[in-house]
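A.B. asks: how would this look folded up:
(one chain, ligands or ions: 1)
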Amino acid sequence: MEKIRVAIIGIGNCASSLIQGIYYYADKKPEEAIGLMHWEIEGYKPSDIEVVAAFDIDARKVGMDVNEAIYAPPNCTTVFCPDIKPSGVKVDMGCVLDGVAPHMAEYPENHTFVVSDDSEKGKEDIVKILQDTGAEILLNYLPVGSEKAARFYAECALDAGCAYINCMPVFIVSDPEWSARFEEKGIPMVGDDIKAQIGATITHRTLANLFRDRGVELERTYQLNTGGNTDFLNMLNRDRLDSKKESKTEAVQSVLGERMDPENIHIGPSDYVPWQKDNKLCFLRMEGKTFGDVPMNIELRLSVEDSPNSAGCVIDAIRCCKLALERGIGGQLTSISAYTMKHPPEQFTDDEAVQMVEEFIAGERER
Ligand SMILES: O=P(O)(O)OC[C@H]1O[C@@H](O)[C@H](O)[C@@H](O)[C@@H]1O
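C.D. replies: Modelled structure (predicted):
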């Protein structure tokens, strides 16, 4: 099978889980493969993904082989595939822009953040690397709040002719102007903001759907999230959270039909607890009224390792993106975006999205 050539921006925990997964599933038989939504997508297995370029700005990773950088601090996710051989792909210094929150340098030792003193790359350098390495897909794992950097790399993807998968909450794929530019060039895009396999968002959406289907009005709800990875540390800076909150809230609101009064819905990252490392806890409460106007509520606590939970969706987004490249489809990929992203171009229920993805894979729907 032909390889799917991917370039990654941000070699943090999410990239670590994804790359570990590529190797982890390589020597598995389909019947042994646990944790995948699809073993094969039109013949593409997880191990058909190849990382051909990598960008970061942290001195602890730049210059290192990408297969070693995935275990370097501050990465702290579970290692389920140790001792991966070097790939020969070095982590290149990227472009900083707003990719680092100012408070990052102030945090405890394992998070002490030092920007590499390698010279920053400009757009032309990055486009050249993408072209020289034959990258077909550019995967964006920048930190929440990197509005300028996310758009900068999207421009690089456009110039290099690479598909763009946007795993974080800057609205690019869901923006019709950006999508039109990608469509014009025949380049597909998937986004925005990854929705984990069994994460806070899909759990909250599923329960909201249940309330709606069973005629129970959801009157008040919150979703509080804590974690100890760099994502949660970064999100201590409230100024970086606008699009994150919008993405997460809209993902739940969209299932309800009627919009809730913003006072009655509170969803967002809530605190950084260093010892939790990549373990994310989500505390959910939903209050409603059943038959006869009688009140009820649900309290739920979800505990997941954040990054493998994200990789389980990205592994399918990459393979669907490859199908679009082969089929010459440019612009927003509606079905896989609705299935794997919190803020897709168009929201569908998760049941509808799963069906749409199967139709897309089978070639029965264009996007
Ligand atoms: O649990 P949710 O709401 O689906 O969100 C999950 C994802 O949200 C993203 O914003 C994080 O960067 C990922 O690490 C994470 O897996």
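A.B. asks: distance of the nearest residue to Thr230 once chain neighbours are set aside relative to the ligand?
C.D. replies: What sits nearest to Thr230 in space, not counting adjacent residues and going by C-beta to C-beta, 6 or more residues apart in numbering, is Pro74, at 5.2 Å. (Each C-beta comes from the backbone N, C-alpha and C, glycine too.) Distance of Pro74 to the ligand, computed by C-beta to the nearest ligand atom, to the nearest Å: 14 Å.
A.B. asks: farthest residue from the center of this structure?
C.D. replies: Distance from the centre of the chain peaks at Gly292, with 41.8 Å (C-alpha atoms, centre = their mean).
A.B. asks: tell me the pLDDT at that one?
C.D. replies: Listed pLDDT for Gly292 reads 97.
A.B. asks: Tyr222 belongs to a helix?
C.D. replies: No - under DSSP: H, G, I helix; E, B strand; the rest coil, Tyr222 falls outside any helix and is assigned strand.
A.B. asks: what about this structure, any weak spots by pLDDT?
C.D. replies: 108-112 (pLDDT under 70).
A.B. asks: one more pass at 90, please.
C.D. replies: Within the chain, the segments meeting pLDDT under 90 span 1, 83, 100-115, 117-119, 234, 237-248, 255-260, 268-270.
A.B. asks: near the ligand, which residues of it? Just list them.
C.D. replies: Residues of the chain lying near the ligand by C-beta under 6 Å from any ligand atom: 14, 193-196, 199-202, 231, 306-307, 309-310.
A.B. asks: what's near enough to touch the closest residue to the ligand within the chain?
C.D. replies: Nearest residue of the chain to the ligand, counting by C-beta to the nearest ligand atom: Gly199, 2.3 Å away. With contact set as C-beta atoms under 8 Å, 6 or more residues apart in numbering, Gly199 has these partners: Lys280, Cys282, Leu302, Val304, Asp306, Asn309, Ser310.
A.B. asks: so how far is Ala53 from the third one?
C.D. replies: Same thing as Leu302. Noted for Leu302: a distance of 34 Å to Ala53, by C-beta to C-beta, to the nearest Å.
A.B. asks: quick one: which of these two has more around it?
C.D. replies: Per other C-beta atoms under 10 Å, whichever of Leu302 and Ala53 has more neighbours is Ala53, with 23 against 17.
A.B. asks: looking at this, the more buried one is in a strand?
C.D. replies: Yes - checked against three-state DSSP, Ala53 lies within a strand.
A.B. asks: residues contacting it?
C.D. replies: Contacts of Ala53 (C-beta under 8 Å, 6+ apart): Ala7, Ile8, Val89, Asp92, Ile129, Leu130, Thr133, Ala135.
A.B. asks: 6 Å instead, please
C.D. replies: Contact partners of Ala53, counting by C-beta atoms under 6 Å, 6 or more residues apart in numbering, are Ala7, Ile129, Thr133, Ala135.
A.B. asks: please apply the same query to Gln223.
C.D. replies: Ala200, His204, Ile267, Leu284.
A.B. asks: beta partners for it?
C.D. replies: Counting by DSSP bridges, Gln223 is bridged to Ile267, Leu284.
A.B. asks: quick one: the helices in this protein?
C.D. replies: Using DSSP state H, the helices of the chain run over 13-24, 66-69, 123-132, 147-160, 176-184, 200-213, 230-234, 242-256, 306-327, 334-340, 350-361.
A.B. asks: in CSV: these, plus mean neighbour count.
C.D. replies: Converted to CSV, the helices of the chain look like this (neighbours: other C-beta atoms under 10 Å):
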stretch, mean neighbour count
helix 13-24, 25
helix 66-69, 22
helix 123-132, 17
helix 147-160, 22
helix 176-184, 16
helix 200-213, 19
helix 230-234, 24
helix 242-256, 20
helix 306-327, 23
helix 334-340, 27
helix 350-361, 17
